[in-house]
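Undergrad: Give me a model of this one.
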Amino acid sequence: MKRPQHLGITIAASFGLLVVGMLGIPFLAISSGTGGMPQCPLTRTVDTPATDDGTPTILGPSTLTVAQLIDWWDTNKNRQPVRLSIPIHDAIALYLSEAATEGVRGDIMFAQSIVETGSFTNSDTSINNFAGIGHYDSRVSGNAYSEARTGIRAQAQLLRMFASGNDVELVNPDLGIKAGRRSATWGGLAGTWATALNYWDVIRDVYTDMLTHNGLDGAEITPAIPTSCASRGGPVATIIDDTGRAWSVPVAADAFNPDQLDDPHHDYPAWDLIIPEGTAVHAVTGGTVASIRNWPHNWWRNGCGRDSTGCDTCGVGVTIQSDNGLRHTYCHNTTALVAIGDQVTAGQEIAISGDTGRSGTPHLHLEFRLDGTQYCPQPIVAALYGGDAGPWTWTAAGCTFG
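TA: Residues are numbered from 1 along each chain as shown. From the prediction side, this is the model:
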């Protein structure tokens, strides 16, 4: 088992695991997460051992959002880790979505990885291992994972097994990792997950900095576990334009990074919003559900190629036709909450976001067609987030690279 390194100013530490029975992880096709996907973080299971050590439980909801974690990273680090195989902003979104799937506190899990990898600079980062999993004294490195998402998922699953036991039913396919110890709390990982007895103290310092950076009191370090399950994302308000039509933002303001408001799409007028799986998706305006696309898989993890038939790039999608000529489409969801022919209103929850179709990370793909012409959603939705009821200028340029 690998002993912890000395902590430097940048917390460049890699804490050793005491997990026993660790298995080599073969390559496997990772589920897109649609089967049994909860619409919010899971609550603690009844067999979780009760340990009152004054530290947060491992299982429970995240306090910080993707946008808040990205803002903390950009302010404090402001760089892309060269050894991280995906953009750091995408990784942050994965931490919250993968952790929420298994009911683990994703924001603290992200702080754990900051400590374990020295802010994603150590050698294990290059093999998509962000928690020192399997990195014993006798090994040069820890377990290697096929992609960043798999490594993050392995971390979430192992934490859940620490909290609930190795026989707990996981939402996603079991990666074969078994916990050798039990702990209901993050504090209990000192001496069980890691050799360092100050393990939680160092994670707590990073997490507290994340909280205070976002204007939250340190008391928020132990948020209450919810007693009910509801889709993530706060409420959305409607805006009435000068014609009397109601409009809404597609996801609550606390569910995504405001810096994405001016992000261009990669090749045609559309918008990709990186948000966690399980985020509530809302109709931007009222209309009739014109079509539902229901391919609940991910292209890359289900053997689809560019010429493949039967593979839908949109995944699970909803298209709404409004009486003002606007046709709006929402792709890559885990679940559609409406059916063809349904009448929807502005702000109504129509889907739960996900990572289906041609998608590299959990996000929402949004398209606008007005009287048959495809336009950029970015300036319209940016206006809505700003409370601007228009009239707006519709443009098909300026939302693509090139």
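Undergrad: Every contact and neighbour count from this point should use C-alpha atoms.
TA: Noted.
Undergrad: Just give me the neighbour total for P81.
TA: Using other C-alpha atoms under 10 Å, P81 has 16 neighbouring residues.
Undergrad: Start the count at 134 instead of 1 going forward.
TA: Okay, residue one is now 134; in that scheme the one you just asked about reads as P214.
Undergrad: Am I right that it is in contact with T254?
TA: Yes - counting by C-alpha atoms under 8 Å, P214 touches T254, with 6.5 Å between them.
Undergrad: Identify all contacting residues around stretch 214-224.
TA: Stretch 214-224 is contacted by residues 203, 213, 252-256, 258-259, 261, 280-282, 407, 494 when judged by C-alpha atoms under 8 Å, 6 or more residues apart in numbering.
Undergrad: buried set for that stretch?
TA: Neighbour-count burial for stretch 214-224, counted by 16 or more other C-alpha atoms under 10 Å, picks out 214, 217-219, 221-224.
Undergrad: Now it: average pLDDT?
TA: Averaging pLDDT along stretch 214-224 yields 94.
Undergrad: what helix or strand does R293 sit in?
TA: Assigning secondary structure by DSSP states H and E places R293 in helix 281-297.
Undergrad: What helices and strands are in contact with that helix?
TA: helix 221-235 (3 or more C-alpha pairs under 8 Å, 6 or more residues apart in numbering; DSSP states H and E).
Undergrad: ok, the residue nearest to Q454 when sequence neighbours are not counted - how many residues close by?
TA: Distances taken as C-alpha to C-alpha, 6 or more residues apart in numbering put R460 closest to Q454, at 4.5 Å, once the chain neighbours are dropped. Neighbour count for R460, taken as other C-alpha under 10 Å: 23.
Undergrad: which helices and strands sit right next to the strand or helix carrying R460?
TA: In this assignment (DSSP H and E), R460 forms part of strand 459-469. Under the contact definition 3+ C-alpha pairs under 8 Å, 6+ apart, strand 459-469 sits against strand 449-454, strand 482-486, strand 496-503.
Undergrad: With mean pLDDT and mean neighbour count added, can I get those strands in TSV?
TA: Below are these laid out as TSV (pLDDT from 0 to 100; neighbours: other C-alpha atoms under 10 Å):
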stretch	mean pLDDT	mean neighbour count
strand 449-454	96	26
strand 482-486	91	25
strand 496-503	94	22
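Undergrad: Export the ones you listed to JSON lines and append columns for distance to S381.
TA: As requested, those are arranged in JSON lines below (distance: least, C-alpha to C-alpha, whole Å):
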{"stretch": "strand 449-454", "distance to S381": "14"}
{"stretch": "strand 482-486", "distance to S381": "11"}
{"stretch": "strand 496-503", "distance to S381": "14"}
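Undergrad: returning to what we had before: pick the one among the contacts of stretch 214-224 closest to P383.
TA: In terms of C-alpha to C-alpha, no member of those lies closer to P383 than I407, at 12.4 Å.
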